[in-house]
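In: quick one, fold the following:
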Amino acid sequence: MSDDSKQRDKFVPYIPSSKSLPELTVTAIALGIILAIVFGAANAYLGLRIGLTVSASIPAAVISMAILRGLFRRNSILENNIVQTMTTAGEAVGAGAVFTLPALFLWDVNVSQGLIIFVVLTGGFLGVFMMVPLRQLLIVKEHEILPYPEGTACAEVLKSGEKGGNSAKLIGIGLLIGGGFKALGDGFKLFKTEVETGISNFKNAVVGIDTLPALLGVGYIIGPRVAGQMLGGGLLAWIVLIPAIGFFGSGSAAAVFPAEAPISELDAWGIWEGYIRYIGAGAVAVAGLITLAKSLPTLFSSAFATFRGVRDNKGAMKAAPIRTEQDIPMKYVLLGILAIVLIIAFVPVTDIGIIGALAIAIFGFLFVSVASRIVGVVGSSSSPVSGMTIATLLIVTVVYKATGFSGMDGMVAALLVAAIVCTALAVAGDISQDLKTGYIVGGTPWKQQVAMMIGVVASGSLVGFILILMDNAYTMGSAELPAPKAALMKILAEGVLGGDLPWDLIFIGAAIAVTLEFFGLNSLVVAVGIYLPVHISTPIMIGGFVRYFVEVFSKTKEAIKERTDRGTLFASGLIAGEALIGVVIAVLLYFEVNIPENALFPSNLLPFILFMLLAVLLWFISFKGSKKGV
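Out: Residues are numbered from 1 along each chain as shown. Presented below is the predicted three-dimensional model:
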């Protein structure tokens, strides 16, 4: 008996292969498209603000159950699985786009929606196609070895679908409150959403907080340790580095590169803009490479195990006779990959040429196989996608420079190669989790793979519109929309192909990242905190504190899980609500609708009080409904 047959005999999915339920239905596709667009927009907004995205699978599963079971009286767990699969496509496409493509806006390149759509669709389809031949190995054969935490958790949520209605209420309440808060603050301008203050007798030292519900929700979801390290990076920048630069440069009468004005004339924001962002960029770049380097043993072992598994499981590449083992046929997968690579090479949309297309094919499959295995162990949030994207960008820029392809055209081409690879990695990581969910609940693999591609098309068709809207409304690279990961890509491409960079500042940031690793900290998280304004890290930390106290006051593991799950659903609603209203405000600004510029109540205290009340509400909702005595 073959290993695959033994695996099938050993594991029985929730819906056995002998039973068929409604799955890839019109209703599921329609709902999946809507949620893919919603969560794609939400993650694009988050990625532009803080350089992080959050998982959409569990909120999508809960919403899907509430709508399909509650409104349409449909009782198919496999339809719900299709909906959450399509939704994660929106999350992945949003991440791949905002981590790279905003660099084009920072270069003032004329960016068309068609270019953005081309990049995310080719990257998204490659991510799906390249994962198909790996499913038998990573999901089936290593089911007991690779847990795929988000995928397994989502399967448990789907299986306990009877609680979907109440859980969906939490997301709905969070969505209304998060959206209402954003509308009243940044829409109607009833109060400020940014509060800051200087520190007495401490020149250029500034602390502040963006009183936005999405940042509170992010802090709750990522937890106190990660949030604390991010805030640590922010405090290092704003109450150590900025005052130090101001102090030592106070006697200079001339501007010091790269700032255009003397340091003595710069306030804290001027120093941040002129110097700290380069230090932060150096720290993020090296931290990303360190993260990748730490993953090298896993990378090589994953690559060898994957290639060996593909060789040993050639028979499994064909569509299996039973429903739960049917992938997209391999001939279509190979034709799809070949067609996409040829289109990238020869269609004059990106002008990346044959070299860029070959780089996408090579790094795409190598890193997809690695990403798909790594997320099986540590989850999608901890996958070193940034490091692999940085490595791709650096290698491609060096190759381009060696072949005489430089200047702005070379930088844009290198960035587009990195953007396609980044999107492929994000999509591959998410569909790996989705296929794990499907394997546990008994979904049909080829239907999930098709659903993922539909989700890629749905969200990818609008992400360009969203990026252009956000740039027109808030301006890429501003304090309101720093786009940290994309700004890093811009700096790296300029450094290799242009050379006109403040390398001393870049190396200072790099040295900080190395030092942080010796301290045992997550250098990438702290580096992001250095790069971003501390005003963003502070509300994230408050959300982390709420999560910390929820866990401290819960006496058992069961109570911690129950309460944090409730809080996570409400926090997801806060994020989605604020993000959607943020897009609406951007649309209004795009069409030149008159929006007040100054807050009606300019007090710093009012928004802070409202934000803290929202934090208390998050705490209360986490505890509400908990079993007595748990």
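
In: what ranges do the strands span in the stretch 501-630 of the chain?
Out: Using DSSP state E, counting those that start in this stretch, the stretch 501-630 of the chain contains no strands.

In: now the stretch 51-200 of the chain
Out: Using DSSP E, counting those that start in this stretch, the strands of the stretch 51-200 of the chain run over residues 194-199.

In: quick one: low-confidence parts of it?
Out: 161-166 (pLDDT under 70).

In: could you redo the last one with a cut-off of 90?
Out: 51-76, 90-91, 94-96, 99, 108-112, 133-172, 175, 186, 198-200 (pLDDT under 90).

In: and stretch 174-182, what's buried?
Out: 174-175, 177-179, 181-182 (16 or more other C-beta atoms under 10 Å). The C-beta positions use only the backbone N, C-alpha and C, and glycine is treated the same way.

In: center of this structure - which residue?
Out: residue 53 (2.9 Å; C-alpha atoms, centre = their mean).

In: residue 335 versus that one, what's the distance?
Out: Distance, residue 53 to residue 335, by C-beta to C-beta, to the nearest Å: 31 Å.

In: could you do residue 194 as well?
Out: In terms of C-beta to C-beta, residue 194 sits 52 Å off from residue 335.

In: more neighbours, these two?
Out: residue 194 (19 against 12; other C-beta atoms under 10 Å).

In: who touches stretch 462-478?
Out: 37, 40-41, 44-45, 48, 93-94, 97-98, 101-102, 105-106, 111-117, 120, 480-481, 483, 486-487, 582-583, 585-587, 589-590 (C-beta atoms under 8 Å, 6 or more residues apart in numbering).

In: so of these, which ones are in helices?
Out: 37, 40-41, 44-45, 48, 93-94, 97-98, 102, 105-106, 113-117, 120, 486-487, 582-583, 585-587, 589-590 (DSSP state H).

In: just the buried members of these?
Out: Among the ones in helices among the contacts of stretch 462-478, the ones that count as buried (16+ other C-beta under 10 Å) are 37, 40-41, 44-45, 48, 93-94, 97-98, 102, 105-106, 115-117, 120, 486-487, 582-583, 585-586, 589.

In: which residue ranges of the stretch 401-550 of the chain form helices?
Out: 407-441, 445-474, 484-497, 503-518, 523-531, 534-552 (DSSP state H, counting those that start in this stretch).

In: next, format the ones you listed as JSON lines and append distance to residue 561.
Out: Shown next, in JSON lines, are the helices of the stretch 401-550 of the chain (distance: least, C-beta to C-beta, whole Å):
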{"stretch": "helix 407-441", "distance to residue 561": "18"}
{"stretch": "helix 445-474", "distance to residue 561": "27"}
{"stretch": "helix 484-497", "distance to residue 561": "31"}
{"stretch": "helix 503-518", "distance to residue 561": "31"}
{"stretch": "helix 523-531", "distance to residue 561": "24"}
{"stretch": "helix 534-552", "distance to residue 561": "10"}
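
In: nearest to residue 71, of those helices?
Out: helix 445-474 (20.4 Å; C-beta to C-beta).

In: I'd like to know how many residues surround residue 202.
Out: 10.

In: how about it, phi and psi?
Out: Torsion angles at residue 202 (phi, psi; degrees, to the nearest 10) stand at phi -130, psi 90.

In: spatially nearest residue to it (excluding sequence neighbours)?
Out: The spatial neighbour of residue 202 that comes closest, neighbours along the chain excluded (C-beta to C-beta, 6 or more residues apart in numbering), is residue 243 at 6.4 Å.
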